[in-house]
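Visitor: Pasting the sequence and the predicted model now:
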Amino acid sequence: MTFLELTRKRYSVRSFSEKAVEPEKLDYLLECARMAPSAVNYQPWCCIVVKDKEACGKLHTCYTREWFNAAPLYLIICGDHQAAWKRGSDGKDHSDVDVAIFTEHIALAAAEQGLGCCWVCNFDVLKCRELFSIPENWEPVVILPLGYPSESAAKMPPVKKRKEMFELVKWNSFK
């Protein structure tokens, strides 16, 4: 499979089968994420694996969509703003950028392994921080429900609407 084929295969899965994710596949995804690049190689990320029933129940209170409750496991991906590289010219904190790269490495590896996930960023961050004992300097940025797509989701992946290349690429100037 080419990289372009892999990017076309990855989509946001919101319907999961009950099949458990094999430990070796989870380890593979986490190793792929560990290899992700970050600004100045600071690696200001951390991943909390949530898979036991009680912990999953707590996480379900942070994002109350019915589809979300069906995933067999979740990753809470956090960024450390204190440890992240800051751009010298304006002080921009690259924690969110680094966490996004880390997360997308997982998403692509999941697609390669026949798994699915969906980035969830609209959740109760304060509740998540409290329920999972996340320190103040760490921000829970993404919750990634992860598992095998349900039969219906696997049969009918959504059509990806994408802008045309000319809308996205500028040559030699923004204009």
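Guide: In hand now; what should we look at?
Visitor: which residues pair with Gly147 across the strands?
Guide: Gly116 (DSSP bridges).
Visitor: give the contact list for it.
Guide: 13, 16-17, 19-21, 70-73, 115-117 (CB atoms under 8 Å, 6 or more residues apart in numbering). Glycine gets a C-beta too; all of them are placed from N, C-alpha and C.
Visitor: again, 10 Å this time
Guide: With contact set as CB atoms under 10 Å, 6 or more residues apart in numbering, Gly147 has these partners: 13, 15-21, 70-74, 110, 115-117.
Visitor: Ok, Glu31 next?
Guide: His105, Ala109.
Visitor: Quick check: what element follows the strand or helix carrying it along the chain?
Guide: If you go by DSSP states H and E, Glu31 is part of helix 23-34. Remark: after helix 23-34, the chain's next helix or strand is strand 45-50, criterion DSSP H and E.
Visitor: For the very next helix or strand once past that following strand, list every residue counted as buried.
Guide: Per DSSP H and E, the first helix or strand lying C-terminal to strand 45-50 is helix 53-60. Neighbour counts over helix 53-60 (16 or more other CB atoms under 10 Å) mark Ala55, Cys56, Leu59, His60 as buried.
Visitor: Just the buried ones out of the contacts of Gly147, please.
Guide: Buried, going by 16+ other CB under 10 Å: 13, 15-17, 21, 71-74, 110, 115-117, out of those.
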